[in-house]
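S.K.: Make a model of this:
(2 chains)
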Amino acid sequence: MTTLSTKHLLGIKDLTADDIHLILKTAENFKEVINRPIKKVPSLRDITIANLFFENSTRTKLSFELAEKRLSADVVNFSSASSSVKKGETLIDTVNNILAMKVDMVVMRHPNPGAAVFLSKHIEAKIINAGDGAHEHPTQALLDAFSIKEKLGSIKGKKIAIVGDILHSRVALSNIFCLQKLGAEVMVCGPTTLMPKYIHSLGVKVEHDLRKALEWCDVANMLRIQLERQEIKFFPSLREYTMLFGLNKELLDSLSKKIVVMHPGPINRGVEITSDVADSSQSIILEQVENGVAVRMAVLFLLAGRA
Amino acid sequence: MNILIKQAHIIDSNSAYNGKVMDVLIENGTIRSIKTRISPEKNVKIIEAENLHLSNGWLDMQVSFCDPGFEHKEDLDSGIKAAASGGFTGVALVSSTYPTIHSKAEVFYIKNKTADSIVDVYPIGTLSHKQEGQDISEMYDMKLAGAVAFSDDKKPVNNSGLLLRALLYSQNFDGLIMTHCDDKSISNDGKMNEGVVSTKLGLKGIPALAEELMVDRNIFLAEYTNAPLHISNISTHKSVELVRQAKAKGLKITASVNAYSIALDEKELSGFDSNYKLNPPLRTKEDIEAIKKGIIDGTIDVITCDHRPQDIESKDVEFDFAGNGMIGLESAFGLINTNKGKIKLETVINTLSANPRKILKLKEPKIAEGEIANLTLFNPSKEWLFEKKHIQSKSSNTPFIGTTFTGKVIGIINKKQSYFNK
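M.R.: Predicted structure coming up:
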């Protein structure tokens, strides 16, 4: 198989296991490319890509832009914090503008779940969801899968614990779908107030004791506490969150095996993980960032039909 | 014009002709004659149709015509056309207009503007002044002007003391209180039913608990005050059970469900189609089954279509920002009849006709000689494709365009007027 089964990348939900394998395989090639002295290939030189970020982002935006530029695409950027624009109008107006500008692909981050699906119903361009509210963040899940595979050789049969704010996390949801399609076992761990009541229906284990989760897993993906998505208090203080769900070196060293530690970034150092854990040899946080560029190149390349 | 309805299956549990196939002659708005065969005279419009059924005119007790204030979505004229087309000879209009229906001025506006229309229009006044949830409205004055009930519509009465006073006060003049149940501190700005689907979509869930807690509280308040209370829009199996228990205790509780709540479940939302963004939200298959049982055993008295017009700007936006509701009058009977399962047709007709009038204490029409003709004509076995051309409403926010229904409305007769669908 050399092409994806979908026109857009709206969510991992829509991908088959074959699609995911194809993306990861393609990303391996691009990882080799970006480690060459000349990091650029001409694959997308006839393609124009608009990066629309309706929500703050540093690394995802940079990572996409870098991936696009290394594929020689023409890139235009638009950023707007959702709070500063009138609700509802912006997206539909932006849509019309994109149509007029003959853009080929759109990378969009948006605070509302389903925004990428909404966009895909209105425009011809290919859409890549760079995060839509608490719904999906497919490229993050793909780069996480790539990084696990790179570190452990395979994903099938591995145990992965996702720790933190599951309720507000698109990373958790996309990771669950992606890892399960690749044959991994997934556990979610976090405070009961930040755990969707029906999360077990996705076929994941649910744990509220961090030590038990860490003892169970091969890989721990420590999510960032998304304070900006919490309009009410789900836990009394960051201090108390850290006491219950923070990963420190002492806890990491006390485990019966050496687990891999991941984080989608940006890290709240000292909250979900301490600095010495983030910087330890068990952490693959910076590898994730590097792999992000390769994986996004693969997604852009495949959606553009260049395989 | 005089009308002769040929060979109609009569469905009216109060009529001696119930279950019979008869010819019915209507002269000057009155049922003149009901016989096995009536020969047509001159100047009489003859209505003949395959599998023609005749019942008392239907009444929907929860309809939004958006007038005054939101006439770009619907107004009284377009709403009345939609109601007539859907087989309704009566509608009770919710108080969520701008301004809200909170004094006799707004009640008179609606009554006066619709005085000559084929559809009887009954305003519902607010329960609290301007739906603000603080103080009770001038219910008595509104009742004198023509308001048939008092409700803050989809705004739940959060303040228990306010509902307590409303239930007590309305008894001074035999007023009816209606409430929508949703504990906002639990539903917390949720966008769809909390469940498997919301988890997959990352959409904020509305727990069934938010509704059930308030149904339970409201039943307690009705018991304490010994007042009649109508609970609108129940949507979960536990709510049905709570109402069932309250009725078994002899409390004066009545309840209604929305037509979509017997037909659709939460899975419809998987594609983020905002036409399925509804309040109460689409629930689960289990809830649908419980609601149907509740209709069969009489726990649920009324099915409303909860007609909620929304313009395209309110629906064709990101799901979080989309307005709630769908239009429903034109598709109501097709939707209910197609999805009725084991519910008998006669029961369906009672939930659309006799029961809402009983609850609102309106005079019930009767299919008998000498009675005023207030009738709905329909064919319960007719299959038809629901298309945009069938929509009389100003808005077309419905997911049913392109759906094949079983059961079609032929027309209505009311107030010496008639309307027949093409």
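
S.K.: On the pLDDT front, check B:V317 for me.
M.R.: Looking at B:V317, its pLDDT is 88.

S.K.: Also the one 4 residues further on?
M.R.: Note for B:F321: predicted pLDDT of 92.

S.K.: Residue ranges of each domain in chain A, please.
M.R.: Domain segmentation of chain A under automatic domain parsing yields A:12-137+A:291-305, A:139-288.

S.K.: Sorry, slip of the keys, the one I care about is chain B.
M.R.: The record's domain parsing of chain B by automatic domain parsing lists B:2-54+B:368-420, B:58-360.

S.K.: Tell me which of those domains sits most buried.
M.R.: Most buried of these, by mean neighbour count (mean count of other C-beta atoms under 10 Å in any protein chain shown): domain B:58-360, with a mean of 21. Just so you know, the C-beta spots here come from the backbone N, C-alpha and C atoms, and that holds for glycine as well.

S.K.: For it, measure first residue to last.
M.R.: 13 Å (C-alpha to C-alpha, to the nearest Å).

S.K.: With stretch B:13-25 instead?
M.R.: Terminal residues of stretch B:13-25 lie 20 Å apart, using C-alpha to C-alpha.

S.K.: can you give me how far it is from the chain middle?
M.R.: 25 Å (C-alpha atoms, centre = their mean, to the nearest Å).

S.K.: Which of the domains of chain B sits closest to A:R170?
M.R.: Nearest of the domains of chain B to A:R170, taken as C-beta to C-beta: domain B:58-360 at 6.1 Å.

S.K.: quick revisit: between the domains of chain B, which one is nearest to chain A?
M.R.: Among the domains of chain B, the nearest to chain A by C-beta to the nearest C-beta is domain B:58-360 (3.3 Å).

S.K.: quick check, distance from the closest one to the centre of its chain.
M.R.: 7 Å.

S.K.: any idea what B:E74 is structurally, helix, strand or coil?
M.R.: coil (DSSP: H, G, I helix; E, B strand; the rest coil).

S.K.: and it, what is it in contact with?
M.R.: B:S64, B:F65, B:C66, B:D67, B:A82, B:P309, B:S393, B:K394, B:S395 (C-beta atoms under 8 Å, 6 or more residues apart in numbering or on different chains).

S.K.: hmm, 10 Å instead?
M.R.: By C-beta atoms under 10 Å, 6 or more residues apart in numbering or on different chains, B:E74 lies in contact with B:63-67, B:80, B:82, B:307-311, B:327, B:329, B:392-395.

S.K.: what does B:V107 give?
M.R.: By C-beta under 10 Å, 6+ apart, the contact set of B:V107 is B:93, B:95, B:101, B:122-125, B:141-148.

S.K.: For B:L375, see how far away the closest residue to B:K415 other than its chain neighbours is.
M.R.: Nearest residue to B:K415, sequence neighbours excluded (C-beta to C-beta, 6 or more residues apart in numbering or on different chains): B:I118, at 5.9 Å. Here the distance between B:I118 and B:L375 works out to 11 Å (C-beta to C-beta, to the nearest Å).

S.K.: Spit out the residues that contact the two alike.
M.R.: B:G57, B:T89, B:I412, B:I413, B:N414, B:S418.

S.K.: Now tabulate the domains of chain B in JSON lines and tack on distance to A:Q140.
M.R.: Shown next, in JSON lines, are these (distance: least, C-beta to C-beta, whole Å):
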{"stretch": "domain B:2-54+B:368-420", "distance to A:Q140": "32"}
{"stretch": "domain B:58-360", "distance to A:Q140": "14"}
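
S.K.: quick one: secondary structure of A:V186?
M.R.: Per three-state DSSP, A:V186 ends up strand.

S.K.: Assess the claim that it and A:L179 are in contact.
M.R.: Yes: under the criterion of C-beta atoms under 10 Å, A:V186 makes contact with A:L179 at 5.2 Å.

S.K.: quick one, phi psi at the residue nearest to B:K415?
M.R.: For B:I118, the backbone dihedrals are phi -70, psi -30 (criterion: degrees, to the nearest 10).

S.K.: which residues touch it?
M.R.: B:57, B:80-81, B:83-84, B:88-89, B:412-419.

S.K.: 6 Å instead?
M.R.: Residues in contact with B:I118 (C-beta atoms under 6 Å, 6 or more residues apart in numbering or on different chains) are B:A84, B:N414, B:K415, B:Q417, B:Y419.

S.K.: Just the pLDDT at it, thanks.
M.R.: Note on B:I118: pLDDT of 98.

S.K.: ok, now A:Q230?
M.R.: Confidence at A:Q230, expressed as pLDDT, is 66.

S.K.: now swap in B:K191 and tell me
M.R.: B:K191 carries a pLDDT value of 97.

S.K.: now A:H122
M.R.: So, for A:H122, pLDDT stands at 86.

S.K.: Once you drop chain neighbours, what's closest to it?
M.R.: Using C-beta to C-beta, 6+ apart and skipping residues adjacent in sequence, the residue nearest A:H122 is A:V95, 5.1 Å away.

S.K.: swap in A:E185?
M.R.: In space, A:E185 is closest to A:K159, 4.8 Å off (C-beta to C-beta, 6+ apart).

S.K.: Number of residues surrounding that neighbour?
M.R.: If you count neighbours by other C-beta atoms under 10 Å in any protein chain shown, A:K159 ends up with 17.

S.K.: Format the CA atom coordinates belonging to stretch B:136-152 as CSV.
M.R.: Backbone C-alpha positions of stretch B:136-152 (Å, rounded to 0.1, in the frame of the first residue of the first chain) are rendered in CSV as follows:
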residue,chain,number,x,y,z
ILE,B,136,-42.6,35.1,39.8
SER,B,137,-44.2,36.7,36.8
GLU,B,138,-47.7,38.3,36.7
MET,B,139,-49.3,34.9,35.9
TYR,B,140,-52.8,35.8,36.8
ASP,B,141,-52.9,38.8,34.5
MET,B,142,-51.4,36.8,31.7
LYS,B,143,-53.9,34.0,32.3
LEU,B,144,-56.8,36.5,31.9
ALA,B,145,-55.2,37.7,28.7
GLY,B,146,-55.1,34.1,27.3
ALA,B,147,-51.9,32.4,28.6
VAL,B,148,-52.5,28.7,29.1
ALA,B,149,-49.5,27.8,31.2
PHE,B,150,-46.3,29.3,32.7
SER,B,151,-42.8,28.2,32.0
ASP,B,152,-39.4,29.6,31.6
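
S.K.: residues making contact with that stretch?
M.R.: Contact partners of stretch B:136-152, identified using C-beta under 6 Å, 6+ apart, comprise B:92, B:102-104, B:107-108, B:111, B:122-129, B:131, B:165-166, B:169-170, B:173, B:175-178, B:360.

S.K.: For the stretch 151-300 of chain A, which residues are neighbours of chain B?
M.R.: A:L173, A:P196, A:Y198, A:I199, A:S201 (C-beta under 6 Å from any C-beta of the partner chain).
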